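[1] Following is a predicted model, sequence given first.
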Amino acid sequence: MQGGYSMIKQYRISLESKQAGLNASIAYPLYAWLLSQVPTEVGTALHEQATRPINQYILWNAAANRGEWVVNLMTDEMVEIFSPILNALSVIALRSGTLLATAGSTVEASNFQHLLKCGESLSNVQLFPIHFLTPTTFKQDKRYVIFPQESLILQSLISRWNVSFPEAPMDDEDAFQALLRGIHIVDYNLHTTRYPMKQVRLPAFQGRISIETRLPAPMMALWTTLYSFAPYAGIGVKTTLGMGGVSMMKASNLPV
C-alpha cells in the first residue's frame, strides 16, 4: 500500500500453444489453473465474494495459436498472493492443451493517485469510447442484459472501485444520480454473441460504444477517474471468468 492507498496490478502475458483449436473461452480454465496454484482456502474465499478482487481475460489469435492473457489484481492481498505465480510463469498445462509464456509480457502498477491523474488529463474531453474486447453482459432482475446501459456501467465500475479502494469509497447516491444524468451513450457498434461456460452459452455483446458527457467539474472528475479505472476493473458480470474485458480508445472532444 502506497500513501495509504491500495495498489493494483495489470499483467499482460504473451502465450502461445502448439495445439490448434483454442479460443478465447480458455479464460475460464486459465482462471481454474490460477486457483490451483494457491491454497484451497484462497479460492473458497474468492468464491464467496460478490465482487471478486481479481479479473482476467484472454485475447486469442486462433490463426497464429497465440494470444495475450490479461490479469488484473485489484487489491494488495491479490497482488501479494498471485504476483509471485505470474512473475514466475513459464508453462500452463490445461486439459485443452499446453500454453507457453513468451517474451513480451508486461506488468503495469496503478493506485488511487495514478488514476486521479489519468482522470485529470481527460477533464476537457466530452466523448469517451469504450471497446468491449471480450463478451460482456449484465445481470438485472435475474436476466442477462445484452445491451450496455449507462446505469449498469456505472454500477459495475463503482462496485469494483469500492472493493479496490475501500479507503476512498464512492457511495453517495446523489452523486451517482448526478453522474447518471450527465452521461449518455450516443454511438455504438455492437453485435450479440455467446460466451461458453461449463454447459451453457451466456448471452452477451461485443464491440464499442461512445459516451458523451455533460457534467459539472466535480462530477466530471468522478467520471474520468472511473473511466481510467475501467481497463483494470472490467465491466459487467463474470469478469473473473473471462468476460467484460475493456479498453478505452482515444477519448476526444465532440466535433464542432
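    Thanks, I have it.

[2] from what I can see Leu179 touches Leu154, true?
    Yes. With contact defined as CB atoms under 8 Å, Leu179 counts as touching Leu154 (5.9 Å). In this view, the C-beta of every residue, glycine as well, is placed from N, C-alpha and C.

[3] and Thr98, how many neighbours does it have?
    12 (other CB atoms under 10 Å).

[4] and it, how far is that from Pro84?
    As judged by CB to CB, to the nearest Å, Thr98 and Pro84 stand 21 Å apart.

[5] nearest residue to Gln16 other than its sequence neighbours?
    No, residue 16 isn't Gln; it's Glu. Leaving aside its sequence neighbours, Glu16 sits nearest to Arg66 (CB to CB, 6 or more residues apart in numbering; 4.0 Å).

[6] Check what pLDDT that neighbour gets.
    For Arg66, the pLDDT comes out at 92.

[7] Ramachandran coordinates for it?
    phi -150, psi 160 (degrees, to the nearest 10).

[8] Make residue 1 into 46 and carry on from there
    Sure, I'll start counting at 46 from here, so that last one is Arg111.

[9] okay, now the domains of this structure?
    The chain is divided into the following domains under automatic domain parsing: 52-154, 157-292.

[10] Check these for me: which has the lowest mean pLDDT.
    Among these, domain 52-154 scores lowest, with a mean of 92.

[11] buried residues in stretch 213-228?
    Met215, Phe221, Ala223, Leu224, Leu225, Gly227, Ile228 (16 or more other CB atoms under 10 Å).

[12] possible to save these as TSV with secondary structure?
    As requested, the buried residues of stretch 213-228 are exported to TSV (DSSP: H, G, I helix; E, B strand; the rest coil):
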residue	secondary structure
Met215	coil
Phe221	helix
Ala223	helix
Leu224	helix
Leu225	helix
Gly227	helix
Ile228	strand
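
[13] what's the closest of the residues you listed to Trp206?
    Comparing those against Trp206 with CB to CB places Met215 closest, at 5.5 Å.

[14] do you know how far that closest one is from Ala154?
    Distance from Met215 to Ala154, by CB to CB: 22 Å.

[15] What does Thr181 show for phi and psi?
    Torsion angles, degrees, to the nearest 10, at Thr181: phi -130, psi 140.
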